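> Sequence and computational prediction follow.
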Amino acid sequence: MTEPNNIAHQSDPANRARLRWRSRRGLLENDIILTRFLDAHETELTDEEVDAFTRLLDLSDNDLMDLVLARKEPEGEADLPHVHALLQRLRRA
């Protein structure tokens, strides 16, 4: 979801670099999964998908790993349809 005064993710190299930097995680498994996903899909991500990805990146490494491995489902602020949809893509990656 794009905020009125924000530049769309795909047209802003700084936003893309920031997302990639935030994808570097303390758990190597998360780092590998997220980096491979971005390598394969970054140029096609919509702003809504970037929002979902960012919400997932706001989680702790262990919570993120539990979601990616389908040990649990998103809760709280991450429990949104577009987060669930992106999470499904991550799980298939």
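In hand now; what should we look at?
> counting contacts, what elements does the one helix or strand in the chain whose mean pLDDT sits lowest pack onto?
When each helix and strand of the chain is scored by mean pLDDT, DSSP states H and E, helix 13-22 comes last, with a mean of 80. Judged by 3 or more CB pairs under 8 Å, 6 or more residues apart in numbering; DSSP states H and E, helix 13-22 is in contact with helix 28-41, helix 47-57. In short, each C-beta sits where N, CA and C put it, glycine included.
> State the mean pLDDT of stretch 29-46.
Mean pLDDT, stretch 29-46: 89.
> buried ones in it?
30, 33-34, 37-38, 42, 45 (16 or more other CB atoms under 10 Å).
> ok, now stretch 81-93?
82-83, 86-87, 90.
> Which of the residues you listed fall within helices?
82-83, 86-87, 90 (DSSP state H).
> what's the most distant pair in the residues you listed?
Farthest pair in these (CB to CB) is His82 and Leu90. Separation: 12.7 Å.
> From the centroid of the protein, which residue is nearest?
Phe53 (1.9 Å; CA atoms, centre = their mean).
> Now do the contacts for it.
Contacts here follow CB atoms under 8 Å, 6 or more residues apart in numbering; on that basis Phe53 touches 19, 45, 86.
> Relative to Arg25, which of those residues is nearest.
Leu19 (12.8 Å).
> The closest one reaches Asp51, doesn't it?
No - because the distance of 10.6 Å does not satisfy CB atoms under 8 Å, Leu19 is recorded as not touching Asp51.
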